[in-house]
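Chemist: Just a sequence and a predicted model for now, questions to come.
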Amino acid sequence: MHAGIETTTSFIQNIVLALITYPQCQKKAQEEIDRVLGATRIPALVNNDNFPYLRAFVEEVFPRYFFQKLLLYANFSKSSFRDYAR
């Protein structure tokens, strides 16, 4: 049940952080959403092709999130195990 909660939460936090850091990107994404959906419709997978900017924004944040997590758990100190040393 809890398998994806931390990953999803962290990814959403990074999206929010990116939107706060780059308000011009947030404005452009909101304009695209308003243009495609208007004020009454909700997003659906059918609309996915109509959001090129929003998709590109999310795809830009994802690799940064992934590598940030990867570096967080990386071991940069000298380590050894039996006869193997790194």
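Modeler: Thanks, I have it. Numbering: from 1, shown residues only.

Chemist: Give me the buried positions along stretch 20-36.
Modeler: Applying a neighbour-count criterion of 16 or more other Cβ atoms under 10 Å, the buried positions in stretch 20-36 are Cys25, Ala29, Glu32, Ile33. For the C-beta atoms, the positions are set from N, CA and C on the backbone; glycine is no exception.

Chemist: Counting neighbours, what do you get for Phe51?
Modeler: Phe51 sits with 18 neighbouring residues when counted by other Cβ atoms under 10 Å.

Chemist: Ok, Leu54 next?
Modeler: Leu54: 19 surrounding residues under other Cβ under 10 Å.

Chemist: Tell me which residues touch the closest residue to it other than its chain neighbours, please.
Modeler: Using Cβ to Cβ, 6 or more residues apart in numbering and skipping the chain neighbours, the partner closest in space to Leu54 is Ala29 (5.0 Å). By Cβ atoms under 8 Å, 6 or more residues apart in numbering, the residues touching Ala29 are Leu19, Tyr53, Leu54, Phe57.

Chemist: Swap in 10 Å and give it another go.
Modeler: Taking Cβ atoms under 10 Å, 6 or more residues apart in numbering, we find Ala29 in contact with Leu19, Tyr22, Phe51, Tyr53, Leu54, Arg55, Ala56, Phe57, Val58.

Chemist: about what we covered before: now render the buried residues of stretch 20-36 as TSV, adding pLDDT, secondary structure and distance to Ile12.
Modeler: As requested, the buried residues of stretch 20-36 are exported to TSV (pLDDT from 0 to 100; DSSP: H, G, I helix; E, B strand; the rest coil; distance: Cβ to Cβ, whole Å):
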residue	pLDDT	secondary structure	distance to Ile12
Cys25	91	helix	16
Ala29	92	helix	15
Glu32	93	helix	19
Ile33	91	helix	17
